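# coordinates only, sequence not included:
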Ligand code: UD1
């Protein structure tokens, strides 16, 4: 039997939780350890399946890795391969970052179209056209993508601020013969985190976190000596928001350590519109609800600093048990309502039409057997189980392990009743 969670709902969550390092920082930064030969200690790295999948790719390329508690050590000095094995590529979308980092290091890269969560078409055309504009030759052969050459630099304007394309192009540009300006790039905090890491590695990258990034072409000159680097990852704003919604939907109270309000201000704003209580101090956020929450009205997912698409499924669950009508418009991915049918099955009242979902809050959900179909949709179903009356079984929780370290332990530490089975 595949792993599942059994949840006994209806118990207010109370307690304290320390937020882990961000999945969406860990993945590009681990890929970036390839850019320059060195030994990298990455602290506060979440032990999640996507990170393990990235670790396997790095090893297949010739790196050595080991874990020391929450620190992953990557020794990238022995990297000798520039092709990512097909079977490892299919495991997650972030393997696409290897395109940029291998090009910086080896002047060539071969990857296959990446796998990952099934939440929309998720093309990589922006990555590829950006690489071509930087001067790389890109060959597409069915699922195989081969790139070679060296960036000549220049100015590129992204047609959409794709997070992954911004990060990939930042890395591909590092060792160019010229300097690069990337305009209309994504401004997610994880991009600034990648920039911080690349600078610690000795590269010159500026503007991360704004919509224009400047990369000084290193021309190979500073890269002759291996580097020894220690780096602490940014906190995971999506993990934090997920746990906060678990607390609020059970009318509980939680203190979250290691999360700065500035990174989730739009989420906190939605909580406040729902009549939740929010208190922030330094890197701590306390949230609590004394009564059933009310609808936040209309919530539209947007690139940062807008409401994150990665929190939308969890919000749909929260809105399902809040008073009034909520409209959610998903503007980032095409099919991100995968958990809707299971919520309906649990008694929620939701209508979807294209990118819009209209949720009429019901007083209670009912425990049922449900199936996680992707990472955040799966987490949203766990939340539904916590809010519901009776027992809920969430099947196929391997999707959840891709992005949450020991999710069931986190919920338990806040007093929730949840068991991992299988
Ligand atoms: C990253 C995050 C993911 C988050 C998403 C949006 C990581 C590891 N993952 O994913 O958790 O949900 O940002 O905040 O950081 N697109 C194209 N062509 C491209 C690239 C993207 O059309 O070449 C489209 C996508 O299909 C999607 C939208 O742009 O509809 C956003 O994608 P993007 O910002 O690239 O997300 P990811 O980097 O995949």
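Sure, I can see it. Here the structure is a predicted model, which means the values were calculated and not measured.
# Around the ligand, which positions in the stretch 151-300 of the chain sit nearby?
Residues of the stretch 151-300 of the chain lying near the ligand by C-beta under 6 Å from any ligand atom: 160, 162, 163, 164, 165, 186, 190. Just so you know, the C-beta spots here come from the backbone N, C-alpha and C atoms, and that holds for glycine as well.
# try 5 Å
Within the stretch 151-300 of the chain, the positions near the ligand by C-beta under 5 Å from any ligand atom are 162, 163, 164.
# how far away is the first one from residue 332?
The span separating residue 162 from residue 332 equals 10 Å under the rule C-beta to C-beta, to the nearest Å.
# who's in contact with residue 112?
By C-beta atoms under 8 Å, 6 or more residues apart in numbering, residue 112 lies in contact with 84, 86, 89, 90, 143, 144, 145.
# and if we set it to 10 Å?
83-90, 95-96, 141-145 (C-beta atoms under 10 Å, 6 or more residues apart in numbering).
# How about it: which residues does it bridge to?
Beta-bridge partners of residue 112, counted by DSSP bridges, are residue 144.
# cool, and residue 7?
residue 392, residue 418.
# List the residues that contact it.
Counted by C-beta under 10 Å, 6+ apart, residue 7 has contacts 367, 381-388, 390-394, 408, 411, 416-419.
# let's see 6 Å
Residue 7 makes contacts with 385, 392, 418, as judged by C-beta atoms under 6 Å, 6 or more residues apart in numbering.
# Which one (most neighbours) among those residues?
Counting neighbours by other C-beta atoms under 10 Å, residue 385 leads those with 30 neighbours.
# Show me what the helix or strand hosting that residue is in contact with.
Residue 385 is part of helix 375-387 when elements are defined by DSSP states H and E. Identification of contacts with helix 375-387 by C-beta under 6 Å, 6+ apart yields 7, 9, 117, 242, 246, 249-250, 310, 313-314, 317, 321, 338-339, 342-343, 346, 365, 370, 372, 392, 394, 399-400, 402-403, 416.
# any weak-confidence spans in the stretch 201-350 of the chain?
220-224 (pLDDT under 70).
# Can you show me the helices along the stretch 51-200 of the chain?
86-89, 97-106, 125-134, 163-172, 189-200 (DSSP state H, counting those that start in this stretch).
# Include mean pLDDT and mean neighbour count when you put those helices into TSV, please.
As requested, these are exported to TSV (pLDDT from 0 to 100; neighbours: other C-beta atoms under 10 Å):
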stretch	mean pLDDT	mean neighbour count
helix 86-89	86	17
helix 97-106	94	27
helix 125-134	96	20
helix 163-172	97	27
helix 189-200	97	22
